[in-house]
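Trainee: My questions concern the predicted model and sequence given below.
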Amino acid sequence: MRVIVVGAGVLGTMHAWQAVERGHEVVHIEREAEARGASVRNFGQIWVSGRAGGEELDTALRARALWEEIGARVPGLGFRAIGSLTVVKNEAERAVAEAAARRPDAAARGYKLLDAEEARGINPALRGDFLGALWCERDAAVEPRVAQRELKQALLASGRYTYLGGREVRDVLGNGIGVRDDHGETHRGDAVVLCTGAWLSGLVRELVPDLPVRRVRLQMMQTDPLGEPLTTSVADADSFRYYPAYGSEALDALNAGQAQAPTAAAHKMQLLMVQRADGGLTIGDTHEYDTPFAFDTVEEPYEHLTGVVESILGRPLPRIRHRWAGVYAQCTDTGRVVHRQQASDGVWLVTGPGGRGMTCSPAIAEKTANELGW
């Protein structure tokens, strides 16, 4: 079988991986020279802890296992089974963490409620003032800025993979399965999978005019090296308000009795923080849903996040060396893991995983491959 994959972000790359793994030939087409959208502008977190139960958690856990397998074969991904700590600073926040640790699926997530001393035993860099933390053993991380490049090199080594960067697909063939790019070249195959991320105009709009997917913009930053290991991912209690796994009466009480900081509320913020391979910290994030999006980044969220991080670390944050914004695609029904739709004969569109994309992409691609009979 010959599979045409359009879009070289992490979702498209994982579809190419699945096809090659199953013995098929892949032609992979990307409109940029290399992927430069949400797949490289993220935390690199394999984030199990906050996922909703049922299909979303099952998908995240399966993806976590696949990431570990792939990471063992492609060391350049920088896969690390580091877990995460969601820090709590008062009894209301601790009650939400305690409720999460009592969930029926808490063991599957690797939840454990820790006091401050126990949390520092896992992550000694946390020297600030806090009450405790919710530990999630199943969380992990990869290096987002290099993951697609490393996966591409492994795919090229198979001899069944062709990468065509700097080409935008303009048409789906009406007389057979395939696509035509903006170089005037035609690429035929047995299946076409469109994984175009937040690019939802042009060909995607023509194929699926009423696509139930929206775009979300976020701001993030990265620092100089911390100078010591940050042995886990770190989140703050605002993450409880954002991720569905933490829903409980305790969360209702937190929301009713403890407002977010004004900047955090205005920008729909939470703290997520991961250390990169070079020692720097990737820190975010904000959420903007109303289009058209602003073209500039604003400073108040960065100032807020700096204060939150410094209170947890108990030390000044290293110099911020990168600030950026990114846009990802999210199903309008946020309970759905992904939107997978047959757009025409032999052509499938897979999009809208939202903030789950980096985490869940291996399992999403595996399910596509199974459903299409690869």
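Mentor: Thanks, I have it.

Trainee: Show me how far the helix or strand Leu114 falls within is from its chain's centre.
Mentor: Taking DSSP states H and E as the definition, Leu114 sits inside strand 111-115. Strand 111-115 sits 24 Å away from the centroid of its parent chain (CA atoms, centre = their mean, to the nearest Å).

Trainee: just stretch 154-164 next, same as before
Mentor: The chain centroid and the centroid of stretch 154-164 are separated by 24 Å under CA atoms, centre = their mean.

Trainee: what's that stretch in contact with?
Mentor: 8, 13, 16-17, 20, 23-30, 73-74, 152, 181, 187 (CB atoms under 8 Å, 6 or more residues apart in numbering). For the C-beta atoms, the positions are set from N, CA and C on the backbone; glycine is no exception.

Trainee: same question, stretch 292-308
Mentor: 215, 217, 219, 221, 236, 261, 263-264, 266-267, 269, 271, 283-284, 286, 288, 317, 320, 323-325, 327.

Trainee: Just the buried residues of the residues you listed.
Mentor: 215, 217, 219, 221, 236, 263-264, 267, 269, 271, 283-284, 286, 288, 317, 320, 325, 327 (16 or more other CB atoms under 10 Å).

Trainee: how about the helices in the stretch 51-200 of the chain?
Mentor: 55-73, 91-101, 106-109, 116-122, 144-156 (DSSP state H, counting those that start in this stretch).

Trainee: ok so, going back, and the angle for the strand holding Leu114 with helix 91-101?
Mentor: Strand 111-115 runs at 150 degrees relative to helix 91-101, counting by axes from the mean of the first three to the mean of the last three CA atoms, to 10 degrees.

Trainee: With just CA atoms, put strand 111-115 into CSV.
Mentor: Extracted in CSV, the C-alpha atoms of strand 111-115 (Å, rounded to 0.1, in the frame of the first residue of the first chain):
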residue,chain,number,x,y,z
TYR,A,111,-1.8,9.6,41.4
LYS,A,112,-0.5,10.1,44.9
LEU,A,113,-1.0,13.0,47.3
LEU,A,114,2.3,14.2,48.8
ASP,A,115,3.2,16.7,51.5
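
Trainee: Can you give me the buried ones in it?
Mentor: Per 16+ other CB under 10 Å, strand 111-115 contains these buried residues: 111-114.

Trainee: wait, isn't Met220 in contact with Leu281?
Mentor: No: between Met220 and Leu281 there is no contact under CB atoms under 8 Å: 10.6 Å.

Trainee: hmm, back to that, which members of the contacts of stretch 154-164 occur in strands, if any?
Mentor: In strands, judged by DSSP state E, the following of the contacts of stretch 154-164 are found: 25-30, 181, 187.

Trainee: Which of those residues sits closest to Gly257?
Mentor: The closest of the ones in strands among the contacts of stretch 154-164 to Gly257 turns out to be Glu30 (CB to CB; 48.2 Å).

Trainee: Okay, and the beta partners of that closest one?
Mentor: Taking DSSP bridges, one obtains Gly165 as the residues bridged to Glu30.

Trainee: what's the answer for Thr223, then?
Mentor: Going by DSSP bridges, Thr223 forms beta bridges with Ile320.

Trainee: check contacts around it.
Mentor: For Thr223, the contact set (CB under 8 Å, 6+ apart) comprises 280-281, 283, 317-321.

Trainee: one more time with 6 Å, if that's ok
Mentor: Counting by CB atoms under 6 Å, 6 or more residues apart in numbering, Thr223 touches 280-281, 318, 320.

Trainee: any chance of the helices of the stretch 51-200 of the chain in JSON lines, plus mean pLDDT, mean neighbour count and distance to Leu134?
Mentor: Shown next, in JSON lines, are the helices of the stretch 51-200 of the chain (pLDDT from 0 to 100; neighbours: other CB atoms under 10 Å; distance: least, CB to CB, whole Å):
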{"stretch": "helix 55-73", "mean pLDDT": "97", "mean neighbour count": "18", "distance to Leu134": "16"}
{"stretch": "helix 91-101", "mean pLDDT": "98", "mean neighbour count": "20", "distance to Leu134": "4"}
{"stretch": "helix 106-109", "mean pLDDT": "96", "mean neighbour count": "17", "distance to Leu134": "10"}
{"stretch": "helix 116-122", "mean pLDDT": "98", "mean neighbour count": "16", "distance to Leu134": "9"}
{"stretch": "helix 144-156", "mean pLDDT": "95", "mean neighbour count": "19", "distance to Leu134": "24"}
